[in-house]
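A.B. asks: no FASTA, just this:
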Ligand code: NAP
(Lines give C-alpha, C1' and ligand atoms only; values in the text may rest on other atoms or scores of the structure.)
Protein backbone atom coordinates (compact mmCIF):
# COMPACT_ATOMS: atom_id res chain seq x y z
CA UNK A 1 0.00 0.00 0.00
CA UNK A 2 1.30 3.47 -0.91
CA UNK A 3 2.08 5.41 2.24
CA UNK A 4 2.74 9.17 2.48
CA UNK A 5 3.18 11.66 5.30
CA UNK A 6 0.18 13.65 4.08
CA UNK A 7 -2.73 12.74 1.82
CA UNK A 8 -4.83 15.57 0.43
CA UNK A 9 -8.31 14.77 -0.88
CA UNK A 10 -9.23 17.19 -3.67
CA UNK A 11 -7.11 18.86 -6.36
CA UNK A 12 -8.80 22.25 -6.39
CA UNK A 13 -7.16 25.51 -5.33
CA UNK A 14 -7.12 24.56 -1.62
CA UNK A 15 -5.81 21.03 -2.20
CA UNK A 16 -3.08 22.00 -4.66
CA UNK A 17 -1.99 24.95 -2.48
CA UNK A 18 -1.77 22.52 0.45
CA UNK A 19 0.36 20.18 -1.67
CA UNK A 20 2.78 23.02 -2.51
CA UNK A 21 3.16 23.94 1.17
CA UNK A 22 3.37 20.31 2.35
CA UNK A 23 6.17 19.50 -0.12
CA UNK A 24 8.05 22.66 0.83
CA UNK A 25 7.69 21.62 4.49
CA UNK A 26 9.58 18.43 3.58
CA UNK A 27 6.62 16.05 3.79
CA UNK A 28 5.80 13.37 1.21
CA UNK A 29 2.44 14.21 -0.31
CA UNK A 30 -0.24 12.50 -2.36
CA UNK A 31 -3.25 14.34 -3.81
CA UNK A 32 -6.33 12.24 -4.58
CA UNK A 33 -8.83 13.65 -7.08
CA UNK A 34 -12.11 12.19 -8.34
CA UNK A 35 -12.45 14.08 -11.65
CA UNK A 36 -10.13 16.65 -13.20
CA UNK A 37 -7.68 18.89 -11.33
CA UNK A 38 -8.63 22.50 -10.71
CA UNK A 39 -11.95 22.38 -8.90
CA UNK A 40 -14.60 25.07 -9.37
CA UNK A 41 -12.25 27.76 -10.72
CA UNK A 42 -11.77 25.80 -13.91
CA UNK A 43 -15.31 26.94 -14.91
CA UNK A 44 -14.43 30.63 -14.64
CA UNK A 45 -13.44 32.27 -17.94
CA UNK A 46 -11.70 35.29 -16.43
CA UNK A 47 -10.41 35.56 -12.85
CA UNK A 48 -9.78 39.19 -12.02
CA UNK A 49 -9.75 39.25 -8.22
CA UNK A 50 -6.68 37.19 -7.35
CA UNK A 51 -4.16 39.63 -5.86
CA UNK A 52 -1.23 40.29 -8.16
CA UNK A 53 -2.82 38.76 -11.26
CA UNK A 54 -5.04 41.22 -13.14
CA UNK A 55 -6.55 38.64 -15.51
CA UNK A 56 -6.16 34.90 -15.92
CA UNK A 57 -8.49 32.14 -17.08
CA UNK A 58 -9.56 29.66 -14.40
CA UNK A 59 -8.04 26.86 -16.46
CA UNK A 60 -4.64 28.57 -16.71
CA UNK A 61 -4.71 29.37 -13.00
CA UNK A 62 -5.49 25.75 -12.07
CA UNK A 63 -2.91 24.38 -14.49
CA UNK A 64 -0.25 26.65 -12.97
CA UNK A 65 -1.06 25.34 -9.48
CA UNK A 66 -1.13 21.72 -10.65
CA UNK A 67 2.26 21.98 -12.38
CA UNK A 68 3.77 23.85 -9.43
CA UNK A 69 2.65 21.14 -6.98
CA UNK A 70 3.95 18.35 -9.22
CA UNK A 71 7.26 20.11 -9.88
CA UNK A 72 7.77 20.30 -6.12
CA UNK A 73 7.30 16.52 -5.91
CA UNK A 74 3.65 16.08 -4.98
CA UNK A 75 2.05 12.97 -6.49
CA UNK A 76 -1.46 12.98 -7.89
CA UNK A 77 -3.78 9.95 -8.28
CA UNK A 78 -7.22 10.05 -9.88
CA UNK A 79 -9.58 7.95 -7.75
CA UNK A 80 -12.88 8.38 -5.93
CA UNK A 81 -12.62 8.25 -2.13
CA UNK A 82 -15.17 5.94 -0.48
CA UNK A 83 -14.14 6.48 3.13
CA UNK A 84 -11.34 6.88 5.66
CA UNK A 85 -10.41 4.53 8.49
CA UNK A 86 -8.56 6.11 11.40
CA UNK A 87 -6.18 3.59 12.97
CA UNK A 88 -4.72 6.16 15.32
CA UNK A 89 -1.25 7.03 14.04
CA UNK A 90 -2.17 5.86 10.56
CA UNK A 91 -5.16 6.78 8.40
CA UNK A 92 -6.24 4.47 5.60
CA UNK A 93 -8.00 6.10 2.66
CA UNK A 94 -10.20 3.65 0.73
CA UNK A 95 -10.64 4.59 -2.93
CA UNK A 96 -11.80 3.14 -6.24
CA UNK A 97 -8.09 2.88 -7.08
CA UNK A 98 -7.14 0.95 -3.93
CA UNK A 99 -6.11 1.90 -0.42
CA UNK A 100 -3.59 4.60 0.53
CA UNK A 101 -2.11 5.30 3.95
CA UNK A 102 -0.97 8.54 5.60
CA UNK A 103 -0.25 10.00 9.01
CA UNK A 104 -2.07 13.30 8.39
CA UNK A 105 -5.03 13.97 6.13
CA UNK A 106 -6.25 17.19 4.53
CA UNK A 107 -9.82 17.27 3.25
CA UNK A 108 -10.11 19.79 0.41
CA UNK A 109 -13.21 18.43 -1.25
CA UNK A 110 -14.68 21.79 -2.31
CA UNK A 111 -18.28 22.14 -3.36
CA UNK A 112 -20.34 21.02 -6.34
CA UNK A 113 -22.90 22.98 -8.33
CA UNK A 114 -26.43 22.71 -6.92
CA UNK A 115 -29.15 21.11 -9.07
CA UNK A 116 -32.62 22.58 -9.65
CA UNK A 117 -34.36 19.40 -8.49
CA UNK A 118 -36.81 19.33 -11.43
CA UNK A 119 -38.11 15.93 -12.57
CA UNK A 120 -36.74 16.24 -16.15
CA UNK A 121 -33.42 17.79 -15.14
CA UNK A 122 -31.37 14.62 -15.32
CA UNK A 123 -32.87 13.62 -18.70
CA UNK A 124 -32.02 17.03 -20.23
CA UNK A 125 -28.50 17.19 -18.75
CA UNK A 126 -26.13 17.25 -21.72
CA UNK A 127 -29.12 17.85 -24.00
CA UNK A 128 -29.52 21.53 -23.22
CA UNK A 129 -29.14 21.65 -19.45
CA UNK A 130 -25.60 22.46 -18.34
CA UNK A 131 -23.81 23.40 -15.13
CA UNK A 132 -20.76 24.91 -16.85
CA UNK A 133 -21.05 27.81 -19.28
CA UNK A 134 -17.36 27.85 -20.18
CA UNK A 135 -17.41 24.11 -20.93
CA UNK A 136 -20.62 23.98 -22.97
CA UNK A 137 -21.37 27.56 -24.09
CA UNK A 138 -19.65 27.13 -27.46
CA UNK A 139 -22.24 24.47 -28.47
CA UNK A 140 -24.90 27.22 -28.53
CA UNK A 141 -23.27 29.78 -30.83
CA UNK A 142 -25.91 32.25 -32.05
CA UNK A 143 -28.72 30.42 -30.21
CA UNK A 144 -30.91 31.88 -27.47
CA UNK A 145 -30.04 30.53 -24.02
CA UNK A 146 -30.93 31.07 -20.35
CA UNK A 147 -28.90 31.28 -17.16
CA UNK A 148 -30.53 30.65 -13.78
CA UNK A 149 -29.13 32.31 -10.66
CA UNK A 150 -28.29 35.70 -9.22
CA UNK A 151 -24.80 35.25 -7.79
CA UNK A 152 -21.35 35.93 -9.21
CA UNK A 153 -21.30 32.65 -11.11
CA UNK A 154 -24.62 33.33 -12.88
CA UNK A 155 -23.64 36.87 -13.83
CA UNK A 156 -20.21 35.81 -15.07
CA UNK A 157 -21.86 33.00 -17.06
CA UNK A 158 -24.34 35.49 -18.57
CA UNK A 159 -21.53 37.84 -19.58
CA UNK A 160 -19.53 35.02 -21.11
CA UNK A 161 -22.52 33.66 -23.03
CA UNK A 162 -23.51 37.13 -24.27
CA UNK A 163 -20.39 37.01 -26.46
CA UNK A 164 -21.34 33.63 -27.98
CA UNK A 165 -25.11 33.15 -27.90
CA UNK A 166 -28.05 35.16 -29.24
CA UNK A 167 -30.31 36.33 -26.42
CA UNK A 168 -29.29 35.41 -22.86
CA UNK A 169 -32.21 35.33 -20.43
CA UNK A 170 -30.92 35.77 -16.88
CA UNK A 171 -33.53 34.18 -14.62
CA UNK A 172 -33.34 35.09 -10.93
CA UNK A 173 -35.79 34.37 -8.14
CA UNK A 174 -35.60 37.82 -6.54
CA UNK A 175 -35.71 41.42 -7.84
CA UNK A 176 -32.05 42.13 -7.02
CA UNK A 177 -28.89 40.19 -7.84
CA UNK A 178 -26.68 38.82 -5.08
CA UNK A 179 -23.54 39.22 -7.24
CA UNK A 180 -20.89 41.89 -6.63
CA UNK A 181 -21.93 45.35 -7.93
CA UNK A 182 -19.03 45.22 -10.43
CA UNK A 183 -20.53 42.09 -12.03
CA UNK A 184 -24.05 43.57 -12.06
CA UNK A 185 -22.72 46.68 -13.83
CA UNK A 186 -21.11 44.57 -16.54
CA UNK A 187 -24.34 42.81 -17.50
CA UNK A 188 -26.29 46.08 -17.44
CA UNK A 189 -24.20 47.14 -20.41
CA UNK A 190 -25.02 44.02 -22.45
CA UNK A 191 -27.91 44.51 -24.88
CA UNK A 192 -28.56 40.80 -25.37
CA UNK A 193 -28.72 39.94 -21.64
CA UNK A 194 -32.38 40.06 -20.58
CA UNK A 195 -33.01 39.88 -16.82
CA UNK A 196 -36.07 37.78 -15.93
CA UNK A 197 -36.54 38.77 -12.30
CA UNK A 198 -38.75 37.39 -9.52
CA UNK A 199 -38.98 34.16 -11.51
CA UNK A 200 -38.17 30.53 -10.84
CA UNK A 201 -37.74 27.73 -13.36
CA UNK A 202 -40.74 25.42 -13.00
CA UNK A 203 -40.36 23.05 -15.98
CA UNK A 204 -38.08 22.05 -18.82
CA UNK A 205 -39.61 21.76 -22.28
CA UNK A 206 -38.42 19.80 -25.31
CA UNK A 207 -38.61 16.59 -27.23
CA UNK A 208 -35.30 14.79 -26.64
CA UNK A 209 -33.38 18.06 -26.37
CA UNK A 210 -34.24 21.29 -24.63
CA UNK A 211 -36.34 23.81 -26.59
CA UNK A 212 -37.71 25.95 -23.77
CA UNK A 213 -37.77 26.76 -20.09
CA UNK A 214 -41.00 27.39 -18.21
CA UNK A 215 -40.71 30.15 -15.63
CA UNK A 216 -43.17 31.33 -13.01
CA UNK A 217 -43.30 34.89 -11.77
CA UNK A 218 -43.37 34.63 -7.98
CA UNK A 219 -45.20 37.96 -7.61
CA UNK A 220 -47.98 37.53 -10.20
CA UNK A 221 -48.10 33.73 -10.41
CA UNK A 222 -47.95 34.04 -14.23
CA UNK A 223 -46.18 31.25 -16.13
CA UNK A 224 -44.49 31.52 -19.54
CA UNK A 225 -42.08 29.52 -21.67
CA UNK A 226 -38.82 31.13 -22.77
CA UNK A 227 -37.78 29.57 -26.09
CA UNK A 228 -34.13 28.61 -25.49
CA UNK A 229 -31.77 25.86 -26.61
CA UNK A 230 -29.85 25.76 -23.34
CA UNK A 231 -30.25 26.42 -19.65
CA UNK A 232 -27.11 27.06 -17.62
CA UNK A 233 -27.85 26.34 -13.97
CA UNK A 234 -25.83 28.58 -11.60
CA UNK A 235 -27.83 28.53 -8.38
CA UNK A 236 -25.00 28.06 -5.98
CA UNK A 237 -23.00 25.22 -4.62
CA UNK A 238 -23.25 22.50 -2.02
CA UNK A 239 -20.64 20.35 -0.28
CA UNK A 240 -20.56 16.57 -0.63
CA UNK A 241 -18.81 15.21 2.43
CA UNK A 242 -21.01 12.20 3.17
CA UNK A 243 -17.98 9.89 2.90
CA UNK A 244 -16.40 11.72 5.86
CA UNK A 245 -19.48 11.98 8.11
CA UNK A 246 -18.17 9.35 10.55
CA UNK A 247 -14.65 10.78 10.54
CA UNK A 248 -15.18 14.49 11.27
CA UNK A 249 -18.04 16.68 12.47
CA UNK A 250 -20.16 18.23 9.72
CA UNK A 251 -22.61 21.13 10.10
CA UNK A 252 -26.31 20.91 9.14
CA UNK A 253 -25.51 21.83 5.51
CA UNK A 254 -22.76 19.18 5.22
CA UNK A 255 -19.72 21.48 5.55
CA UNK A 256 -16.79 20.17 7.63
CA UNK A 257 -16.65 21.96 10.97
CA UNK A 258 -13.23 23.66 11.16
CA UNK A 259 -12.04 27.12 12.16
CA UNK A 260 -9.42 29.39 10.59
CA UNK A 261 -6.73 26.98 11.88
CA UNK A 262 -8.29 24.31 9.57
CA UNK A 263 -8.39 21.78 12.44
CA UNK A 264 -11.35 19.39 12.38
CA UNK A 265 -12.89 17.47 15.28
CA UNK A 266 -10.39 14.63 14.66
CA UNK A 267 -6.65 14.94 15.45
CA UNK A 268 -4.51 14.70 12.34
CA UNK A 269 -7.38 15.53 9.98
CA UNK A 270 -7.56 19.06 8.56
CA UNK A 271 -10.08 20.78 6.26
CA UNK A 272 -9.17 23.44 3.69
CA UNK A 273 -11.13 25.60 1.26
CA UNK A 274 -14.81 25.73 0.36
CA UNK A 275 -15.60 22.36 2.04
CA UNK A 276 -15.17 23.77 5.55
CA UNK A 277 -17.39 26.06 7.62
CA UNK A 278 -16.40 29.65 6.74
CA UNK A 279 -17.99 32.91 5.71
CA UNK A 280 -15.92 33.87 2.63
CA UNK A 281 -15.49 31.27 -0.12
CA UNK A 282 -13.08 32.76 -2.64
CA UNK A 283 -9.99 31.71 -4.56
CA UNK A 284 -7.79 33.69 -2.16
CA UNK A 285 -9.31 32.08 0.94
CA UNK A 286 -9.02 28.60 -0.61
CA UNK A 287 -5.31 29.17 -1.35
CA UNK A 288 -4.78 30.59 2.15
CA UNK A 289 -6.50 27.57 3.72
CA UNK A 290 -4.25 25.25 1.74
CA UNK A 291 -1.19 26.90 3.30
CA UNK A 292 -2.65 26.91 6.82
CA UNK A 293 -3.80 23.27 6.65
CA UNK A 294 -0.51 22.00 5.23
CA UNK A 295 1.57 23.80 7.84
CA UNK A 296 -0.76 22.56 10.61
CA UNK A 297 -0.45 19.00 9.25
CA UNK A 298 3.35 19.33 9.10
CA UNK A 299 3.42 20.59 12.71
CA UNK A 300 1.16 17.68 13.78
CA UNK A 301 3.60 15.22 12.21
CA UNK A 302 6.52 16.98 13.88
P1 LIG B 1 -24.22 32.04 -4.66
O2 LIG B 1 -23.44 33.30 -4.46
O3 LIG B 1 -24.64 31.23 -3.48
O4 LIG B 1 -25.53 32.44 -5.48
C5 LIG B 1 -26.49 31.49 -5.80
C6 LIG B 1 -27.65 32.19 -6.50
O7 LIG B 1 -28.62 31.22 -6.87
C8 LIG B 1 -28.35 33.22 -5.61
O9 LIG B 1 -28.69 34.33 -6.38
C10 LIG B 1 -29.57 32.46 -5.12
O11 LIG B 1 -30.68 33.29 -4.94
C12 LIG B 1 -29.87 31.54 -6.28
N13 LIG B 1 -30.49 30.29 -5.85
C14 LIG B 1 -30.11 29.44 -4.85
N15 LIG B 1 -30.91 28.36 -4.80
C16 LIG B 1 -31.82 28.52 -5.77
C17 LIG B 1 -32.90 27.75 -6.23
N18 LIG B 1 -33.23 26.58 -5.67
N19 LIG B 1 -33.64 28.22 -7.27
C20 LIG B 1 -33.32 29.39 -7.85
N21 LIG B 1 -32.31 30.18 -7.48
C22 LIG B 1 -31.56 29.75 -6.44
O23 LIG B 1 -23.47 31.00 -5.64
P24 LIG B 1 -22.39 31.26 -6.79
O25 LIG B 1 -22.78 32.38 -7.66
O26 LIG B 1 -22.15 29.94 -7.39
O27 LIG B 1 -21.09 31.69 -5.98
C28 LIG B 1 -20.59 30.84 -4.95
C29 LIG B 1 -19.42 31.55 -4.26
O30 LIG B 1 -18.34 31.67 -5.17
C31 LIG B 1 -19.77 32.96 -3.80
O32 LIG B 1 -19.09 33.21 -2.62
C33 LIG B 1 -19.24 33.81 -4.90
O34 LIG B 1 -18.93 35.12 -4.51
C35 LIG B 1 -18.00 33.03 -5.31
N36 LIG B 1 -17.66 33.33 -6.70
C37 LIG B 1 -16.78 34.33 -6.88
C38 LIG B 1 -16.42 34.68 -8.16
C39 LIG B 1 -15.45 35.78 -8.34
O40 LIG B 1 -15.09 36.41 -7.36
N41 LIG B 1 -15.00 36.07 -9.55
C42 LIG B 1 -16.97 34.03 -9.26
C43 LIG B 1 -17.90 33.03 -9.04
C44 LIG B 1 -18.24 32.69 -7.73
P45 LIG B 1 -30.75 34.36 -3.73
O46 LIG B 1 -29.89 35.50 -4.17
O47 LIG B 1 -32.20 34.68 -3.64
O48 LIG B 1 -30.24 33.64 -2.52
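C.D. replies: Done, it's in. Not measured: the values here are computed from a predicted model.
A.B. asks: so which bits of the stretch 1-150 of the chain are right by the ligand?
C.D. replies: 44, 49, 149, 150 (C-beta under 6 Å from any ligand atom). The C-beta positions use only the backbone N, C-alpha and C, and glycine is treated the same way.
A.B. asks: now the first one: how far from residue 157?
C.D. replies: In other words, residue 44. 9 Å (C-beta to C-beta, to the nearest Å).
A.B. asks: neighbour count for the two, which is higher?
C.D. replies: For residue 44 versus residue 157, neighbours defined as other C-beta atoms under 10 Å are more numerous around residue 157 (29 against 23).
A.B. asks: my read is that residue 2 contacts residue 100, right?
C.D. replies: Yes - the pair residue 2 and residue 100 passes the contact test of C-beta atoms under 8 Å, sitting 5.1 Å apart.
A.B. asks: okay, and the common contacts of these two?
C.D. replies: residue 30 (C-beta atoms under 8 Å, 6 or more residues apart in numbering).
A.B. asks: so for those two, which residue has more residues nearby?
C.D. replies: More neighbours surround residue 100 than the other of residue 2 and residue 100, with 22 against 15 (other C-beta under 10 Å).
A.B. asks: please, which helix or strand holds the more buried one?
C.D. replies: Using DSSP states H and E, residue 100 falls within strand 98-107.
A.B. asks: residues of stretch 249-261 that come out buried?
C.D. replies: 250, 255, 256, 258 (16 or more other C-beta atoms under 10 Å).
A.B. asks: which among those residues gets closest to the ligand?
C.D. replies: residue 255 (13.0 Å; C-beta to the nearest ligand atom).
A.B. asks: residue contacts, the spatially most central residue of the chain?
C.D. replies: Centroid check for the chain by C-alpha atoms, centre = their mean gives residue 40 as the closest residue, at 3.2 Å. Contacts for residue 40 (C-beta under 8 Å, 6+ apart) come out as 12, 110, 111, 237, 274.
A.B. asks: what would those look like in CSV with distance to residue 125 and pLDDT?
C.D. replies: Formatted as CSV, the contacts of residue 40 follow (distance: C-beta to C-beta, whole Å; pLDDT from 0 to 100):
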residue, distance to residue 125, pLDDT
12, 22, 98
110, 20, 97
111, 18, 95
237, 17, 92
274, 23, 97
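A.B. asks: could you single out the nearest of the residues you listed to residue 121?
C.D. replies: residue 237 (16.4 Å; C-beta to C-beta).
A.B. asks: what's across from the closest one in the sheet?
C.D. replies: residue 113 (DSSP bridges).
A.B. asks: any idea how far residue 229 is from it?
C.D. replies: In terms of C-beta to C-beta, residue 237 sits 25 Å off from residue 229.
A.B. asks: for those two, indicate the residue with more neighbours.
C.D. replies: residue 229 (19 against 16).
A.B. asks: excluding its backbone neighbours, what's nearest that one?
C.D. replies: Nearest residue to residue 229 in three dimensions, chain neighbours excluded: residue 143, at 4.2 Å (C-beta to C-beta, 6 or more residues apart in numbering).
A.B. asks: for that neighbour, give me its contacts.
C.D. replies: Contacts of residue 143 by C-beta under 8 Å, 6+ apart are 165, 166, 228, 229, 230.
A.B. asks: right, I'll call it a day here.
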